[in-house]
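Q: Give me a 3D structure for the following:
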Amino acid sequence: MKFLLACATTLAILTAPVLASEGDDDDDDAPTFGTAGILSRDNREDLPALTLSAGVPLTESGTLELKSGTYYEIEIEADGSQELALAGAGFFRAIWIDEIVIEGIEIRPLGVDSLEFDEAGTAEISFLAIKPGTYSFGVPCSDLQTLEITIK
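A: All right, here's what the predicted structure looks like:
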């Protein structure tokens, strides 16, 4: 009797998600992610690369629009023409940083205030946009080399 009860309970637990999903056909607007959830490949987007050079704007547009809950990757390339930093404490606190890759070295920080490039090189930041708002990201004290990032 205990064996039959255990089998029936196991069967109920295993079929409950299948039965529940059959009745949820009316929710077509819900995002569908893989087993990795919001970190799955279908939720990833590459952003245009940023170029860090003395006296040159970071991008042509000067703005980026992101969607909260989307995983992004952005590449920052410095040409070494000048020692330059990219600061954006507000922006870095509005995202969850998965990793920063510098010359094949993967860094998984708990928090970042800025990145400074002393020489030519490339850094790639992978992150999840979280907190909606408009944030400034760029070279401190430079209106030309500042990027306005909006998370919606």
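
Q: make it CA atoms for all contacts and neighbour counts henceforth
A: Fine.

Q: tell me the SS of Ile149?
A: The assignment at Ile149 comes out as strand when based on DSSP: H, G, I helix; E, B strand; the rest coil.

Q: Name all residues that make contact with it.
A: Going by C-alpha atoms under 8 Å, 6 or more residues apart in numbering, Ile149 touches Thr63, Leu64, Glu65, Leu66, Phe91, Thr134, Tyr135, Ser136, Phe137.

Q: at 10 Å what do you get?
A: Ile149 is in contact with Gly62, Thr63, Leu64, Glu65, Leu66, Gly88, Phe91, Gly133, Thr134, Tyr135, Ser136, Phe137, counting by C-alpha atoms under 10 Å, 6 or more residues apart in numbering.

Q: Could you pull out the buried residues of stretch 100-117?
A: Ile100, Phe117 (16 or more other C-alpha atoms under 10 Å).

Q: Which residues does it contact?
A: Residues outside stretch 100-117 that contact it (C-alpha under 10 Å, 6+ apart): 52, 73-80, 82-93, 95-99, 121-127, 137-140.

Q: circling back to that earlier point, the contacts of Ile149 in strands, which ones?
A: Thr63, Leu64, Glu65, Leu66, Gly133, Thr134, Tyr135, Ser136, Phe137 (DSSP state E).

Q: Show the buried residues in these.
A: Those of the ones in strands among the contacts of Ile149 that meet the buried threshold are Thr63, Leu66, Thr134, Tyr135, Ser136, Phe137, by 16+ other C-alpha under 10 Å.

Q: Can you show me the strands along this structure?
A: 44-46, 50-52, 63-66, 71-78, 84-87, 95-102, 105-107, 114-117, 121-129, 133-138, 146-151.

Q: which one is Thr150 nearest to, not counting chain neighbours?
A: Setting aside the residues directly before and after it, Thr150 is nearest to Thr134 in space (C-alpha to C-alpha, 6 or more residues apart in numbering), at 4.3 Å.
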